[in-house]
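A.B. asks: how would this look folded up:
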Amino acid sequence: MVERDPLRGQLYENLIIIDIVKNRLNSGLEHDMFFFRDSHGHEVDLLISQGASFVPIEIKSAETFSDNFLKGINYFKKVVGSDCLSGYVLYNGIESFVFKDVKVKNYIIHNGEEDFV
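C.D. replies: Got it, this is the predicted structure:
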């Protein structure tokens, strides 16, 4: 069962990223997407280029939100400053809300209809 698989988080992350790529290509958009990881272990799962700026996205398979999910996004915002737009946490919960200027929602429930796609 996937719920108990030790690779669940990585599988969920890949599912979401593949769907974002598909939606962007089907919309005629470039797939200007990256990830961020530095030598100290700070990381952001997905960065989408919008002009000269980036939208940071953290992807979590958890059904319960934790403010710890923002750790990588907050670090990235400090590093790039004004070149970073508001970020997203895409998680497996049912609630959608904004937490400290970061949109938190379930990408699958919302059918991938996000303004970064």
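A.B. asks: show me where the chain has strands.
C.D. replies: With DSSP state E as the criterion, the chain has strands at 33-37, 43-50, 53-59, 88-90, 97-99, 102-105.
A.B. asks: what packs against the fifth one?
C.D. replies: The criterion is 3 or more C-beta pairs under 8 Å, 6 or more residues apart in numbering; DSSP states H and E, and the helices and strands that strand 97-99 contacts are strand 102-105. Using the backbone N, CA and C atoms, a C-beta is placed for each residue, glycine as well.
A.B. asks: show me what the strand it packs on is in contact with.
C.D. replies: Strand 102-105 is touched from outside by 65, 69-70, 73, 86-91, 95-98, 114, with contacts defined as C-beta atoms under 8 Å, 6 or more residues apart in numbering.
A.B. asks: what do you get if the cut-off is 10 Å, keeping everything else the same?
C.D. replies: The contact list for strand 102-105, computed with C-beta atoms under 10 Å, 6 or more residues apart in numbering, reads 55-58, 60, 65, 67, 69-70, 73-74, 77, 86-91, 93-98, 113-116.
A.B. asks: quick one: buried residues of it?
C.D. replies: Of all the residues in strand 102-105, those buried under the rule 16 or more other C-beta atoms under 10 Å are 102-105.
A.B. asks: with stretch 43-50 instead?
C.D. replies: 44-48.
A.B. asks: dump these to TSV, plus distance to residue 36.
C.D. replies: What follows is those, written out as TSV (distance: C-beta to C-beta, whole Å):
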residue	distance to residue 36
44	4
45	9
46	9
47	6
48	12
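A.B. asks: now the longest helix along the chain: mean pLDDT?
C.D. replies: In the chain, assigned by DSSP state H, the helix with the most residues is helix 8-26. Summarised as a single mean, pLDDT over helix 8-26 is 89.
A.B. asks: could you pull out the buried residues of it?
C.D. replies: 12-13, 16-17, 20, 23-24.
A.B. asks: give me the helices and strands touching it, please.
C.D. replies: When contacts are defined as 3 or more C-beta pairs under 10 Å, 6 or more residues apart in numbering; DSSP states H and E, helix 8-26 packs onto strand 33-37, strand 43-50, strand 53-59, strand 88-90.
A.B. asks: relative to helix 8-26, how tilted is the second one?
C.D. replies: Looking back up the chat, that one is strand 43-50. Interaxial angle, strand 43-50 versus helix 8-26 (axes from the mean of the first three to the mean of the last three C-alpha atoms, to 10 degrees): 10 degrees.
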